[in-house]
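**Student:** quick one: sequence plus predicted model below, questions after.
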Amino acid sequence: MDNRTNLDDYLAGLGISDADETALPPPSPEVMAPAPSALETAHEDPRAVLERFLRGLTSRIDSTLTVTVREGEDALEAEIGGENAGRLAGRDGRTLAAIEVLAYTVLAKQAGRNDLRVRVDVGGYRRRQAEVLTRLAERLAVQVAKSGEAHELQPMPAADRRVIHIALKEHPDVTTESVGEGAARRLIIKPRPHQP
């Protein structure tokens with residue numbers, strides 16, 4: 001059996017072929033275990049499925065990257081670390097978002113769990129982004145509370161809107177609302193109606 005079978009099977013299941021693939025570094029030892037049968041995978045721990053997928057992916061990109069997966073309150077949370085991990089975020093976090101979509105898809109297909117959220121961070125990118133968005137939300141909340149006028153933000157990904165919603169959830173003077181569809185979905189911060 002080819003050492004790359006695990007990742008190749010995942011990618012093939014997603015309709016991705018390695019026909020144009022150039023020479024890649026050999027996979028790390030963690031990925032060299034044979035792929036579990038469909039029956040074993042159906043009952044496999046979702047955390048193990050996610051970790052195996054991310055280890056397989058990162059070993060092809062940079063063998064020095066590390067993967068840690070833990071169960072959060074409402075999602076499986078993975079951290080990819082290492083000296084060059086930050087580069088995996090890509091421009092505006094687009095590569096990281098693609099990794100999350102692939103990870104979610106693999107989890108749904110291999111563990112039969114499409115009810116679990118997946119959050120992946122690389123080199124602390126998401127944590128830093130959340131801190132920036134939280135500070136922005138706080139500044140805009142003060143502005144909206146003073147002016148009494150709503151503030152509409154530019155379209156942003158669901159994860160970023162969620163950070164702002166959570167940051168202002170308990171704010172006494174403002175409330176948030178998402179409007180629009182698809183990629184044009186954006187967030188509005190508006191004055192909270194006060195009860196008499």
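**Tutor:** Ah, there it is. Owing to the predicted nature of the structure, the values given are computational and were not obtained by experimental measurement. Residues are numbered from 1 along each chain as shown.

**Student:** contacts and neighbour counts: CA atoms only from here.
**Tutor:** Fine.

**Student:** quick one, domains of this protein?
**Tutor:** Domain assignment for the chain, taken from automatic domain parsing, gives 5-123, 128-191.

**Student:** the host helix or strand of L140: what's the following helix or strand?
**Tutor:** Using DSSP states H and E, L140 maps to helix 125-147. Using DSSP H and E, the helix or strand that follows helix 125-147 towards the C-terminus is strand 151-152.

**Student:** figure out how far that next one is from the centre of its chain.
**Tutor:** 26 Å (CA atoms, centre = their mean, to the nearest Å).

**Student:** same question, stretch 131-146
**Tutor:** Computed by CA atoms, centre = their mean, the chain-centroid distance of stretch 131-146 equals 24 Å.

**Student:** buried sites along it?
**Tutor:** The neighbour-count check on stretch 131-146 (16 or more other CA atoms under 10 Å) flags L133, T134, A137, L140, A141, Q143, V144, A145 as buried.

**Student:** I'd guessed the last one sits against P193; true?
**Tutor:** In other words, A145. No - using CA atoms under 8 Å, A145 is not in contact with P193, being 11.0 Å away.

**Student:** lowest average confidence, helix or strand, in this structure?
**Tutor:** Taking mean pLDDT, DSSP states H and E as the measure, the chain has helix 38-42 as its least confident helix or strand, at a mean of 46.

**Student:** tell me where the model's unsure across this structure.
**Tutor:** 1-43, 195-196 (pLDDT under 70).

**Student:** now do the helices in it.
**Tutor:** Ranges of helices in the chain, per DSSP state H, are 5-13, 38-42, 46-61, 94-110, 125-147, 158-168.
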